[in-house]
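Visitor: Need the 3D shape of this:
(one chain, ligands or ions: 1)
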Amino acid sequence: MALFSDRLLREHQGAWQAMQQHRFVCDIEQDRLPAAVFNRYLVFEGNFVATAIAIFALGVSKAPDIRQQRWLIGVLNALVDTQIAWFEQVLAQRQVVSADYPDDLPAVRRFRDGMLQVAQQGSYAEIITLMFGAEWMYYHWCARVAKQTQSDADLRRWVEMHAEQEFHQQARWLKDELDRCAQTLSAEEKMALSTLYGKVLKWEIDFHTAAYAD
Ligand SMILES: Cc1ncc(CO)c(N)n1
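Guide: Predicted coordinates:
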């Protein structure tokens with residue numbers, strides 16, 4: 001049986017490829033991402049991790065049963081403990097001060113507010129679509145790029161964190177969970193999720209472009 005998640009990937013192949021071949025991704029793959037771009041990305045990305053915590057928390061509150069809640073709380077723990085701690089340490093060590101960077105760039109705001117608004121107002125299936133959109137895409141480029149060298153140790157660690165088994169399983173769980181949700185959705189609801197998935201990829205592309213000041 002054709003999986004709904006695979007249908008989304010197929011329907012948005014163009015945006016998927018644009019993200020996989022994004023300047024940011026290719027610069028990392030070729031070990032030529034300017035440190036200033038990475039620092040700027042770290043500020044935006046650190047803020048997004050805080051948003052992701054809010055999104056997953058809304059997922060916990062809207063989840064159909066304890067099985068999903070147990071898993072999502074595990075994800076929340078990883079974000080709250082491992083990821084947030086990593087940002088605090090890396091930003092301090094690189095002497096990156098968040099206040100020195102713009103906090104109102106349209107592309108960064110659109111991604112954050114778009115994701116958060118859907119999570120607040122939308123269904124559990126919409127939340128799973130958001131995070132499947134973000135994580136499955138991210139795992140794929142990080143797994144590819146991790147085969148190459150990153151001279152910046154912090155950048156190397158960041159890529160590894162998203163190419164590792166634990167993150168792969170997290171992204172995989174979202175894919176399976178989306179397929180499980182889709183079994184009980186109407187054709188119209190599935191069409192709406194496909195549109196949402198396309199928006200997430202578009203927001204992601206623009207978010208990554210915003211790391212470049214030019
Ligand atoms: C911007 C962005 N998209 C997706 C992921 C994957 O969780 C991430 N960490 N950051």
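Visitor: Kindly tell me how buried W141 is, as a neighbour count.
Guide: With neighbours defined by other C-beta atoms under 10 Å, the count for W141 comes to 22. C-beta here means a position set from N, CA and C on the backbone, and glycine is covered the same way.
Visitor: Spatially, what comes nearest to it if we skip its sequence neighbours?
Guide: Spatially, and ignoring its direct neighbours in sequence, W141 is nearest to V25 (4.7 Å; C-beta to C-beta, 6 or more residues apart in numbering).
Visitor: What strand or helix carries that neighbour?
Guide: With elements delineated by DSSP states H and E, V25 resides in helix 23-29, which encompasses its position.
Visitor: give me the low-pLDDT residue ranges for this structure?
Guide: 214 (pLDDT under 70).
Visitor: Get me the contact residues on it for the ligand.
Guide: 45, 48, 134-135, 138, 204, 207 (C-beta under 6 Å from any ligand atom).
Visitor: For the residue nearest to W141, which residues are in contact?
Guide: Contacts for V25 (C-beta atoms under 8 Å, 6 or more residues apart in numbering) come out as 19, 141, 145, 208.
Visitor: same question, F207
Guide: 44, 48, 107-108, 111.
Visitor: Which of those sits closest to the ligand?
Guide: Within the contacts of F207, distances to the ligand taken as C-beta to the nearest ligand atom reach their minimum at F48, with 5.1 Å.
Visitor: List the buried residues for the strand or helix carrying that closest one?
Guide: Assigning secondary structure by DSSP H and E places F48 in helix 35-62. By neighbour count, with 16 or more other C-beta atoms under 10 Å as the criterion, the buried positions of helix 35-62 are 37-48, 52-53, 55-60, 62.
Visitor: sorry, back to before: gap between the residue nearest to W141 and W16?
Guide: Taken as C-beta to C-beta, to the nearest Å, the spacing of V25 relative to W16 amounts to 12 Å.
Visitor: anything in contact with each of these two?
Guide: Counting by C-beta under 8 Å, 6+ apart, no residue touches both V25 and W16.
Visitor: who's in contact with the residue nearest to I127 when sequence neighbours are not counted?
Guide: If you skip the residues right next to it in sequence, I127 has G59 as its closest partner in space, 4.5 Å away by C-beta to C-beta, 6+ apart. Under the criterion of C-beta under 8 Å, 6+ apart, the contact partners of G59 comprise 68, 72, 119, 124, 127-128, 131.
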